[in-house]
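Student: Next comes the sequence, and after it the predicted model I'd like to discuss.
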Amino acid sequence: MIKTKTQYVCQQCGATYGKWAGRCENCGAWNSLVESAPIATGKAVVQRSAGQKLKVESLQDVAVDTVKNRISTGIADLDVVLGGGLMSGGVILVAGEPGIGKSTLLLQLCANVARRDKVLYITGEESAGQVKLRADRLGASPEAQLSLVSTTSADDIAATIASSDYQLVIVDSIQTLVMTEIASAPGTVSQITNATNLIIQAAKRSHTAVMLVGHVTKEGSIAGPKVMEHLVDVVLQFEGDRYGGFKMVRAIKNRYGSTAELAIFEMQDRGLVPVDNPSASLLAERSSTDGSIILATMEGNRSLLVEIQALVNPTSFGYPKRTASGFDLNRLNLLVAVLEKRTKLNLSDKDIFVNVVGGLKLRDPAADLGVCMAIASAAAGRAMDQEAVVYGEVGLGGEIRSSSGSIKRIAEARKLGFTYAVAPETKPSDAFIRPARDLRTVLQTYLTVKTKEKS
C-alpha cells in the first residue's frame, strides 16, 4: 500500500526535509522551510524512457543562429546596458525593490517597442485595467501594438509565447505564476523553477524576447532559487532609493554584452527619464564647508563625480558611533583605523558619520581617499580647494594605490570645470594629476583652508 507523508522544502536552495526546522542545514537560511504537497511512499513502479544516441556535429559544421537583429528598447542607455538592445529569443530577469520603478520602466519600454513590433504585457499582480491607467499616465500611444492580459497560469503564458505572435513579452512577475501539475503554492522553489524553465523553452523555440520581473528579499538579493538566475540570459538589477534620488539599472549577468555598463534614471511625472549629466546634477547643491570632498568614481564603465560628506563630533557615550550611508560600514571602520594609525588624528572618542550625496552606493575601491579626506577635513575643521577632485585606494600602510579608469575620471572632472585631481600618479603622467603617495602627506598638503569656527 502506498502511503503519503509531508515534506518541507527550503525556498532558497530547494533542499527537502521530513520535518520542519527553523534553519536549513544545507544553505543556512532561517525560516525558509515551507510545507509542500504530500509525496507518495512505499512500493511504486517508476517507468523510465529508454534514451537514444545523440546526433553530434563538429564545431565547424554547427550552424549559427540566423537571428541577428536586436530589438531597440527606445531608451539609449538601457540598450547599452543590454549590449545593444533586446535579443530575439533572449530571456531577461529584472529585479529590484518594491516601488522602485520596475513596472514603470518596463511599460515605457513596451510603449516604445510597440511602435514597431507586437508586444504583450502579462500581469499576474494587477488587473489589465490598472495597467492601462498607468500606460495612459506614461503617455503610451493608443495606436501602438501593445496588448494586455492578466493571468497567473505559466502553461497559458508558455503557449502564448510559443505561438510566435509577439516579438516581446513582459511577465510581471515570475513569483505569481503557477503550473497546474505542481501542487505547491505560487512563489515556492518548485513553481518558480519549473515556470521559468517552461517560459525559457517557449522563448527559445519561437525566438521571442521575454522579460521577467522578479521580487527581492529583505536582504536585497533576488527572491527564489539561485538556479533561476542561471537559467536566464540577462539579469538586470534595479538599484536606488525608491523615495528619491537616482535609479540605476546594471547588468549583473549578460550573455550578450558587458556587465560593466550602467543606466541612470530619475523618476518624474512622465515616468523614468535618463539622466544625461548625472555628475552636474549630483554637484548642483554641493556645500563649501569642511567635511565635503568631491570624488571621481566609476560606476561600471561610466565616470561620475559625487560629493562625500563627513561629520565628526565628540561622542556622548562610551563607545563612538560609526554610521555610513552609501558606503560599506566595515570599510569605513578600516579606514578610520588607518587614519588613527598613520596620521596624528585621534578619532577614538569621536562619532563619525559619512554620507554619499544622491543616494548612490559606492563599490569603487578608489573611494577610499575621498572618504579619508572627508573625515580628516571634518575632524580638523579644514576644507579642501573647491576646484579639486580626489580618488585612490588606501592601503593599510597609509599608501595611496593606483586605480583603474583614470582617463575617464580625469575627462569627467575637466568637463565640469575642475582644475586638478589629487590621485595616484599615472603612466604616462598627466599634468592634471597632482600625485598622492601616502595619506599623511595628502592631508598636510591639501587640507589647507581653515573654516570659520562657530562662536
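Tutor: Structure's in. What do you need?

Student: tell me the mean pLDDT over stretch 206-224?
Tutor: The average of the pLDDT scores along stretch 206-224 is 87.

Student: Check stretch 79-86 too.
Tutor: 92.

Student: Off-centre distance for it?
Tutor: Centroid displacement of stretch 79-86 relative to its chain, using CA atoms, centre = their mean, to the nearest Å, is 16 Å.

Student: Could you list the buried residues of that stretch?
Tutor: 79-83, 85-86 (16 or more other CB atoms under 10 Å). (Each C-beta comes from the backbone N, C-alpha and C, glycine too.)

Student: repeat for stretch 102-118
Tutor: Under 16+ other CB under 10 Å, the buried positions of stretch 102-118 are 102-114, 117-118.

Student: Name the nearest of the residues you listed relative to residue 403.
Tutor: The closest of those to residue 403 turns out to be residue 105 (CB to CB; 31.4 Å).

Student: in which helix or strand would I find the closest one?
Tutor: helix 102-113 (DSSP states H and E).

Student: What helices and strands are in contact with that helix?
Tutor: Here helix 102-113 touches strand 91-96, strand 119-123, helix 128-137, strand 168-172, strand 209-214, strand 271-274, going by 3 or more CB pairs under 8 Å, 6 or more residues apart in numbering; DSSP states H and E.

Student: tell me the domain boundaries of this protein?
Tutor: The chain is divided into the following domains under automatic domain parsing: 3-41, 68-276, 280-450.

Student: Using JSON lines, lay out these together with distance to residue 51.
Tutor: What follows is the domains of the chain, written out as JSON lines (distance: least, CB to CB, whole Å):
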{"stretch": "domain 3-41", "distance to residue 51": "25"}
{"stretch": "domain 68-276", "distance to residue 51": "19"}
{"stretch": "domain 280-450", "distance to residue 51": "45"}
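
Student: Residue 54: which of those domains is closest?
Tutor: The minimum distance between residue 54 and these falls on domain 68-276, with 18.1 Å, by CB to CB.

Student: nearest to residue 366, of the helices and strands packed on helix 102-113?
Tutor: Across those, residue 366 has its closest neighbour in strand 271-274 (25.1 Å, CB to CB).

Student: what does the closest one contact?
Tutor: Here strand 271-274 makes contact (CB atoms under 8 Å, 6 or more residues apart in numbering) with 75-77, 101, 104-105, 107-108, 138-139, 247, 263-267.

Student: That one - what's its average pLDDT?
Tutor: 90.

Student: and what of stretch 302-311?
Tutor: 94.

Student: again, but for stretch 107-127
Tutor: Per-residue scores along stretch 107-127 average to 92.

Student: So what's the residue count around residue 448?
Tutor: Per other CB atoms under 10 Å, the neighbour tally for residue 448 reads 10.

Student: Wait, it touches residue 380, no?
Tutor: No. Distance between residue 448 and residue 380: 10.3 Å, which falls outside the contact criterion (CB atoms under 8 Å).

Student: where do the helices sit along the protein?
Tutor: 76-82, 102-113, 128-137, 154-162, 189-206, 227-231, 278-282, 329-342, 367-380, 406-415, 439-446 (DSSP state H).

Student: Who are the packing partners of the fourth one?
Tutor: Translated: helix 154-162. strand 119-123, strand 168-172, helix 189-206.

Student: and with 10 Å instead?
Tutor: strand 119-123, strand 146-150, strand 168-172, helix 189-206, strand 209-214 (3 or more CB pairs under 10 Å, 6 or more residues apart in numbering; DSSP states H and E).

Student: Distance to residue 227 added to the ones you listed, as a markdown table?
Tutor: Below are these laid out as a markdown table (distance: least, CB to CB, whole Å):
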| stretch | distance to residue 227 |
| --- | --- |
| strand 119-123 | 22 |
| strand 146-150 | 27 |
| strand 168-172 | 17 |
| helix 189-206 | 6 |
| strand 209-214 | 13 |
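
Student: Tell me which of these lies nearest to residue 62.
Tutor: Nearest to residue 62, of the helices and strands packed on helix 154-162 and by CB to CB, is helix 189-206 at 16.0 Å.
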